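>>> Here's a sequence, model it:
(chains A, B, C and D)
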There are 2 protein chains.
Amino acid sequence: MDAKIRTRYAGRAKIVKAMSHPTRLFMVDELARGERCVQVLTGMVGDDISTISKHLAVLKNVGIVADEKRGAQVYYTLRCPCVMDFFSCVESVLKTKSRR
Amino acid sequence: MDAKIRTRYAGRAKIVKAMSHPTRLFMVDELARGERCVQVLTGMVGDDISTISKHLAVLKNVGIVADEKRGAQVYYTLRCPCVMDFFSCVESVLKTKSRR
DNA sequence: TGGCAATTTGGTAAAATGAGCAACTAGTGA
DNA sequence: TCACTAGTTGCTCATTTTACCAAATTGCCA
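The predicted model follows:
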């Protein structure tokens, strides 16, 4: 892998990595249903709000979600619904694995 | 997120996480073209062979690849070609991000 | 303006990851 | 059998990740 190839895969990995946490995966799934504010997501997940905020920042940094402040709350939306494709593949990996 | 939901997303995240490293992503891409033995992959990536072996073990543990020993070498194959779908989505995330 | 609610940011400690070297295992062939 | 090649595993160290608390921000409204 020369530098150029390495950079390409590093960029891709960054995006996959942003999805590689249970809480973030859950939130992406939830955001696929519509925008949600931090407070609501926090209520669903049950972690500290600062933890949720940071997870959302991770997703935002790679461009998977977008945020919009309206009044005192910040609403997050899914910018790339195609990430939902990950789920069906992941399910099939799980199935493949179980029938090993 | 109650325990059940949490477990479900944790399982999914494990699979995504296995793909979330530049070297592993590269190898998955390469394996999509056909089986490869550790030695060959090591030559392409340029890391220590023990590092490559461990990355392959990560992919194997979640069921993404399978290994088969033939003579002195171990050949790895992609068990779930659908993981290639990740790539097209990832590319579109990259594009979405750049036109922010 | 003062105070409360919603978020983000900074700091910190614990846990997980990643890389290479060394040691070990398993085939191959002289 | 001995030496060599291919691969895996154990160990250690450095880096990254993650979680929560506390403090700083921002917007609303009495």
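>>> Quote the end-to-end distance of stretch A:15-24.
12 Å (Cα to Cα, to the nearest Å).
>>> what's next to that stretch, contact-wise?
Contact partners of stretch A:15-24, identified using Cβ atoms under 8 Å, 6 or more residues apart in numbering or on different chains, comprise A:25, A:28, A:45, A:47, A:51-52, A:55, A:58-59, A:61-64, A:83, A:86, B:1, B:6, B:9-10, B:12-13, B:16-17, B:19-21, B:25, B:86, B:90, B:93-94. (C-beta placed from N, C-alpha, C; glycine too.)
>>> Of the residues you listed, just the buried ones, PyMOL syntax please.
Remark: buried members of the contacts of stretch A:15-24, expressed as a PyMOL selection using 16 or more other Cβ atoms under 10 Å in any protein chain shown:
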select buried, (chain A and resi 25+28+45+52+55+58+59+62+63+64+83+86) or (chain B and resi 1+9+12+13+16+17+19+20+21+25+86+90+93+94)
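>>> Just the contacts of stretch A:15-24: which are in helices?
A:25, A:28, A:45, A:51-52, A:55, A:58-59, A:61, A:86, B:6, B:9-10, B:12-13, B:16-17, B:25, B:86, B:90, B:93-94 (DSSP state H).
>>> before we move on, the earlier item: could you pick out which of the contacts of stretch A:15-24 are near DNA strand D?
Residues of these in contact with DNA strand D (Cβ under 7 Å from any atom of the strand): A:Asp47, A:Thr51, A:His55, A:Val58.
>>> for the helix or strand of chain A with the lowest mean pLDDT, packing partners?
The helix or strand of chain A with the poorest confidence is helix A:84-98; it has a mean of 88 (mean pLDDT, DSSP states H and E). When contacts are defined as 3 or more Cβ pairs under 8 Å, 6 or more residues apart in numbering or on different chains; DSSP states H and E, helix A:84-98 sits against helix A:22-31, helix B:3-18, helix B:84-98.
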